[in-house]
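Engineer: I would like the atomic coordinates for the input below:
(one chain, ligands or ions: 1)
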Amino acid sequence: MGSESEANQSQAKIATPNSNSRDEIYYSEEYHSVIEGLKRSYNDKIKPLETTYNFEGFHSPPLTDSDIEAKPIVLLMGQYSTGKTTLIKHLLEKEYPGSHVGTDRFVAVMNGIEERVIPGNAAAVNRQLPFQGLNKFGQAFLSRFQVSQLPSPVLENMTFIDTPGILAGDKQRIDRGYNFTEVVEWFAERADLILLIFDSHKLDISNEFKLAIHSLRGHEEKVRILLNKADMVDGQQLMRVYGAMMWSLGKVVQTPEVMRVYLGSFWIEKPRNAFDDCRLLIEAEQKDLLNSLRDLPRNATIRKINEIVKRARLAKVHAYIIGHLKKEMPAMFGKTSKQEELIEKLDKEFLKIQQRHHLAPGDFPNLERFKQGLNLYKFEKFSNLKPQIIEKVDDALSVDLPKLMTEIPQGNKLIAPTERNPFSESPRTSEKYDLPPDYWDFSAVNKQSIIPQFNAMKPVNGKVPGTKIKPVLMETGLDTVILAKIWNLSDWDKDGYMDSDQFAVAMHLCKAVMAGGEIPEELPKAMIPERKI
Ligand SMILES: Nc1ncnc2c1ncn2[C@@H]1O[C@H](COP(=O)(O)OP(=O)(O)OP(=O)(O)O)[C@@H](O)[C@H]1O
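Structural biologist: Below you'll find the model as predicted:
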């Protein structure tokens, strides 16, 4: 038998209700190798084409390694003392450097080879860190910002933003010296998940917290609520607190009932006075929250690969356009008038390029904007079309990126190449299997992951027409008969348009087919968000 102090030490390390489920967010190895592969493929095969044909001048600057490596961000917000810092400590199984009770600053808790604190001023000018945009909030804010780095398997997959506890009552009138809600908005835009934390023991929504919640408008999809310290009250009180919290939230957000609420108690060492009557419920809820954290790196990695696929296709078309315009230029005289003529009838030139190289019209840039960009250059200075550079991009698109997609782990297993390769020619049609019943529930739809893609289609009044959705669904590589069925199921109000919920459901159905599952003949009612029935 070990000594008492040994026993206490090991207990301190694992004294949590759910250390096993916490392990589920340790997937660093697989994601790390996918991200490394993505950087290699982009730097070796896609970036040379971008630089040769000045993609930056017409679209956006080349991606840096830190753009590709950027980890999903989890923003934690709540009144003072609701347990934000303790939750981070629970997940990391240790304190982050510079943490203390009564956080008075924004802290980005990030992975690093050694423990260190980087003051806000230094962090905001460090090109290796994604915080240069914070300079606009000035010195008053930067002196209240820090980056805390430490080695941690969890931080290899995500970055946490700990925020100053929001004050209540008279104390909230203390002037922070910077615009708190604008800073929250800045982080909310960049976050992949926003966790609003409440204390079951001491429910409070101050005016400053209300303003901060208001500033999350437009990011509702990312917001999750945690009713923390849930074992500090008994079951009956917990029910009352839950109701009171939803009532208070209802006054701040219009539809709090659609936000996912988790119960939890993320302590380091179980307080002596903790109640045990809701233990199983709290454990199950915590597991759900950890699952949604676990999915973050996976979703972020898929999104990054998809973004690079889109970028590579756009860059390839860009190279064909630039090479074509260069080829059309006369060797000696009449360069200026030829350039003007080419710009004038650029739509016809686009059509020629599209037909000659069998390109998708959806990969072409906006005509008018491209014309404006062209006016800044002399076509004779453009590079000739170099087939070997294009071949490299084709290689990235047809070999590297599909392979990386297959290497992304799904839950506890790696995905077999045929199961969810969105680039494959045809879907896996044999070996159909039934997906679990909870797959057919809107709560299983990962809406957050489709939002960038949906917004890129420029919705009008929140809707996108079928003509714009079609090419996106076609990109899944699924058979058009199946896609037609998916469209019919997802466009449940049959108006020929999709809103973000419907598009998310369509993508969810596509994923089911790609994973070898059967899609239902009729859309299960649970797949339609309650507010839309
Ligand atoms: N699950 C829990 N059960 C009981 N007590 C808890 C729990 N989590 C945290 N606490 C206690 O609540 C207090 C505040 O915790 P913590 O510092 O993590 O909150 P915070 O939200 O980061 O606060 P601030 O915003 O003021 O920095 C600490 O005394 C901590 O021990």
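Engineer: shouldn't A396 be in contact with K45?
Structural biologist: Yes. Under the criterion of C-beta atoms under 8 Å, A396 makes contact with K45 at 4.1 Å. Where you see a C-beta, it was placed from the backbone N, CA and C, and this is true even at glycine.
Engineer: Comparing the two, which residue is more hemmed in?
Structural biologist: Using other C-beta atoms under 10 Å as the criterion, A396 and K45 rank with A396 on top: 24 against 21.
Engineer: list the contacts for the more buried one?
Structural biologist: A396 makes contact with S41, Y42, K45, I46, A312 under the criterion C-beta atoms under 8 Å, 6 or more residues apart in numbering.
Engineer: cool, G466 as well?
Structural biologist: Applying C-beta under 8 Å, 6+ apart, the residues near G466 are W487, D491, G496, Y497, M498.
Engineer: Surely I118 is within a helix?
Structural biologist: No. In this structure, I118 is strand, not part of a helix, as judged by DSSP: H, G, I helix; E, B strand; the rest coil.
Engineer: which residue packs closest to it, ignoring adjacent ones?
Structural biologist: V147 (4.2 Å; C-beta to C-beta, 6 or more residues apart in numbering).
Engineer: Look up the residues forming beta bridges with that neighbour.
Structural biologist: Judged by DSSP bridges, the bridge partners of V147 are A108, I118.
Engineer: close enough to count as contact, it and F106?
Structural biologist: No. The criterion here is C-beta under 8 Å, and V147 misses it with F106 at 9.7 Å.
Engineer: Sticking with L226, tell me its helix or strand.
Structural biologist: Using DSSP states H and E, L226 maps to strand 223-228.
Engineer: quick one: contacts of that strand?
Structural biologist: 78, 82-83, 87, 193-200, 216, 238, 241-242, 245, 249, 256, 259-266, 289, 292.
Engineer: cool, stretch 94-101 as well?
Structural biologist: So stretch 94-101 is contacted by 81, 85, 88-89, 107, 109, 115-117, 146, 148-150, 152, 162 (C-beta under 8 Å, 6+ apart).
Engineer: which of the residues you listed are close to the ligand?
Structural biologist: By C-beta under 6 Å from any ligand atom, the members of these lying near the ligand are S81, T85.
Engineer: most surrounded residue in the contacts of stretch 94-101?
Structural biologist: Ranked by neighbour count (other C-beta under 10 Å), those have V109 at the top, with 29 neighbours.
Engineer: what kind of secondary structure is the nearest residue to that one once chain neighbours are set aside in?
Structural biologist: Excluding the flanking residues, the one nearest V109 by C-beta to C-beta, 6+ apart is F160, at 4.3 Å. Following three-state DSSP, F160 is assigned to strand.
Engineer: Burial check on F160, number of neighbours?
Structural biologist: The number of residues near F160, taken as other C-beta under 10 Å, comes to 28.
Engineer: again with V399
Structural biologist: V399: 13 surrounding residues under other C-beta under 10 Å.
Engineer: Quick one, grab the pLDDT at it.
Structural biologist: pLDDT, V399: 88.
Engineer: and what of K371?
Structural biologist: Here, the pLDDT recorded for K371 equals 93.
Engineer: so who does it touch?
Structural biologist: Counting by C-beta under 8 Å, 6+ apart, the residues that K371 touches are I343, L346.
Engineer: Does the closest residue to the ligand within the stretch 301-450 of the chain belong to a helix, a strand or coil?
Structural biologist: Across the stretch 301-450 of the chain, the shortest distance to the ligand (C-beta to the nearest ligand atom) belongs to Q448, at 24.1 Å. Of the three states, Q448 takes helix under three-state DSSP.
Engineer: surely it meets A191?
Structural biologist: No. Q448 is beyond contact range of A191, at 10.4 Å (criterion: C-beta under 8 Å).
Engineer: who touches both of these two?
Structural biologist: K222.
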